[in-house]
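A.B. asks: my questions are about this predicted structure, shown below with the sequence.
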2 protein chains.
Amino acid sequence: MRDFLPEDVRRRHYVIDVVRRVYERYGFEPLETPTLENIETLTGKYGEEGNKLIFKVLKRGEGESSGEADLALRYDLTVPLARVVADNRAKLPRFFKRYQIQPVWRADRPARGRFREFYQCDVDALGSTPPAVEAELCSAVSDALVELGFTDFVIRLNHRQLLASILLACGVPAALQGTALVTVDKLDKVGAEGVKAELLQRGVPGGAALLRAFQAANDAPTGELDRLAEFLGDEPGGMSAIANLREIVALAAGTKADGRIRIDPSLARGLSYYTGAIMEIAVADLAGSLGGGGRYDNLVGMFLGQDVPACGFSLGLERILVVMGERNMFPPALARSAADVMVSVFDQKDLGSAMAVAGRLRADGLRVLVYPDADKIGKQIKYADSRGIPFVALLGSNEVAAGTVTVKDLKAQTQQTYDQAAAGAAIREALNDRG
Amino acid sequence: MRDFLPEDVRRRHYVIDVVRRVYERYGFEPLETPTLENIETLTGKYGEEGNKLIFKVLKRGEGESSGEADLALRYDLTVPLARVVADNRAKLPRFFKRYQIQPVWRADRPARGRFREFYQCDVDALGSTPPAVEAELCSAVSDALVELGFTDFVIRLNHRQLLASILLACGVPAALQGTALVTVDKLDKVGAEGVKAELLQRGVPGGAALLRAFQAANDAPTGELDRLAEFLGDEPGGMSAIANLREIVALAAGTKADGRIRIDPSLARGLSYYTGAIMEIAVADLAGSLGGGGRYDNLVGMFLGQDVPACGFSLGLERILVVMGERNMFPPALARSAADVMVSVFDQKDLGSAMAVAGRLRADGLRVLVYPDADKIGKQIKYADSRGIPFVALLGSNEVAAGTVTVKDLKAQTQQTYDQAAAGAAIREALNDRG
């Protein structure tokens, strides 16, 4: 787990602010949930592998010595959302569109862009089933990525029911479908021959057919859906999934997701709660995804005892930051110094005047540091320079007596004396000229 | 622990954004630290009572069954800062001024404005000892509170060394000073007679003298410091503490803290790491404080093996929110609806057009909801009204054919048809007129 020094924090908040602004444009409202959930809220929701990665919190007080845990750290933002919707059904609108940008924790092995504490930026729409929901989610996350400067991402789209139909058509019995998916998911890593060998070894039939079916043959979504429709014939589950995907693709054409969507029949998504369309956003230079999501119509029902349709998308902040850092995508202004101007006095007795001048400059909207020690003025200016602070406001006894301040421009190596009331405007103007 | 629904989150972010903006004006830079710290980083830093309130995280994997904890949840923002400064001494500037706004966790009994998960908004200045540091911290937190609309707060100021000198002068031996302070701290709750009785019962001598010394007699800081100087005579520790407080008060007079400071000789502050001036901000209608802080010159040394002077102030977000809520201090705009406009279609086949129109309106900076279901138009409009959404953009087959959209103003009960490209500007204008 990592500390974030000032420039890191600025970068993180820049991305979060852009994503938040875009999500709000789509009518999503903010929600935040506690870091700690009751342990039974989380267990059993993320599959067996997920269960092992949950951070668990010891009971407090007398319970502590039992070594038992009763709370756990948030593992994703979707399960807490389902709990909140179940807890607040009467308070929330029929169509609840929420966004949530908070950290989650997984006791995973760290890798590039993967950390044990990381932020998810989620949007979810609850209460509606039409494919317009999926299309709008694809548009919202595309909009956010475009606003951040990404031009080359692709949204891989698939459907849980389509996956099941393909497996069935290839002769994989229901009991072996999970195993088959986990294996096919490694296509990128071990190649077609590797997957075929592993399928054989695990006793999954139909390996060659599966690989053919899962290997997308068309870039255009309609072409790929035509191919899959032909492959599956008129099997009803597959047909209805393909019809759903066709509608999503058609609706997305009028949105920011236009031209981004690829049908990828091998996309599986690890989490067990998905029931319909599933999505994942990828860029070429990052193994893994920038984010993903899908429809999960049964998860709220696990808390409420009554299903509420739901669909969501999650962007991974850390993945976005890694790629933006490597591609130099951050605005240069984020690398700014701690302050616009530093106030310095020649004599400690004038420190009170310095603080008053600092207050005036702040009232003019400037970020102002007051040099706190009684060092020689040359040393003070050197410090401002080393911190990249562009201006120093100097107060000598003459300035204090006259109510003026001498502003030194460290880059231009010039200085000018102003009325204390006028110095702020002058510095602001000089900063604006520099951009 | 609590869920925050949309209006709660908006209020929280409003306060956080104001505080962050003010802190940045003072040249503080952002820092964030991980939620989980190694358990030994936290234990022994908060006193015996604090130790019991730390949330501890079970070891993962094979260690889990041992029932042992190796990690703990952040308990405050000061100890992690000291660790970060020790870890990054070479990377950080000589005077490191950082702010940090993050949640902390304490397994405490909840009360009004007190929660087990709560946010602290900290500013700390490391590397310098002059009293200008304390004065600037008082100014920064005052500035933040004034910007939030507080007019009636008071900064209680005291000094750890002054406390010790008063106790000594009243004949309390060093070994009983902790007990004496804990007891005197209850003055507000149990009154002078209660404190006297408890001091007697606990075997602390000098109760009557202590109560006289600790009862502030002057509102003006200089008057109160004069009184204490007289009381202590020329005892060197007390004299140097009083001189320090005099300088802080004098320097603060030129800042936003002017007129806010009261010397309160009974202020103790619970945490054990303070070494010099201590502060607490209070308003009349909240038992407890909105925030507090002080100088802690030895804490970094516990990690670095070499002391780094430090002084900080922490505002409690939840306390601020409680008082602001009770006093109706939030800007009315925070109670805004989820969207500025909802797009509706009469016929599902026009949903693609609706999404394209929504995209145009968003490009004009509006927050736009697309009604996702194929309900009757009256029901759709009723939904927008129930959510407080002021405008509905209607797309019938005529509008779709003509490239127009009919904008219904739900409050004025009027409607007008616009070119799709012009609707956004018209809605924005109408919203601006409403303020």
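C.D. replies: Perfect, thanks for sending it.
A.B. asks: please name the nearest non-neighbouring residue to residue A:21.
C.D. replies: residue A:147 (7.8 Å; Cβ to Cβ, 6 or more residues apart in numbering or on different chains). Any C-beta I mention is one placed from the backbone N, CA and C, and that applies to glycine too.
A.B. asks: now for the one you found: which residues touch it?
C.D. replies: Listed by Cβ atoms under 8 Å, 6 or more residues apart in numbering or on different chains, the contact partners of residue A:147 are A:18, A:21-22.
A.B. asks: ok, now residue A:247?
C.D. replies: With Cβ under 8 Å, 6+ apart, residue A:247 has these contacts: residue A:131.
A.B. asks: centre of the chain to stretch A:140-159, how far?
C.D. replies: Chain-centre distance of stretch A:140-159: 12 Å, with Cα atoms, centre = their mean, to the nearest Å.
A.B. asks: so which bits of the host helix or strand of residue A:385 are buried?
C.D. replies: Using DSSP states H and E, residue A:385 sits within helix A:377-386. In terms of neighbour count (16 or more other Cβ atoms under 10 Å in any protein chain shown), helix A:377-386 has its buried residues at A:377, A:380-381, A:383-384.
A.B. asks: ok, then the element right after it?
C.D. replies: Following helix A:377-386 in sequence, per DSSP H and E, is strand A:391-395.
A.B. asks: nearest to chain B among the contacts of residue A:147?
C.D. replies: Nearest to chain B, judged by Cβ to the nearest Cβ, of the contacts of residue A:147 is residue A:22 at 8.5 Å.
A.B. asks: now do the SS call for the closest one.
C.D. replies: Under DSSP: H, G, I helix; E, B strand; the rest coil, residue A:22 falls in the helix class.
A.B. asks: contacting residues for residue A:126?
C.D. replies: Counting by Cβ under 8 Å, 6+ apart, residue A:126 touches A:81, A:85, A:92, A:95-98, A:300, A:308-310.
A.B. asks: rerun that using 6 Å as the cut-off
C.D. replies: Neighbour list for residue A:126: A:85, A:96, A:308, A:310 [criterion: Cβ atoms under 6 Å, 6 or more residues apart in numbering or on different chains].
A.B. asks: repeat for residue A:108
C.D. replies: Residues in contact with residue A:108 (Cβ under 6 Å, 6+ apart) are residue A:53.
A.B. asks: ok, how many other residues are close to the residue in chain A positioned nearest to chain B?
C.D. replies: Going by Cβ to the nearest Cβ, chain B is nearest to residue A:67 of chain A, at 1.7 Å. Number of residues near residue A:67 (other Cβ atoms under 10 Å in any protein chain shown) recorded here: 16.
A.B. asks: domain parsing for chain A?
C.D. replies: Following the assignment in automatic domain parsing, chain A carries domains at A:6-326, A:337-434.
A.B. asks: and the stretch 101-250 of chain A, which of its residues are near chain B?
C.D. replies: Neighbours of chain B within the stretch 101-250 of chain A, by Cβ under 6 Å from any Cβ of the partner chain: A:107, A:117, A:128, A:130, A:132-133.
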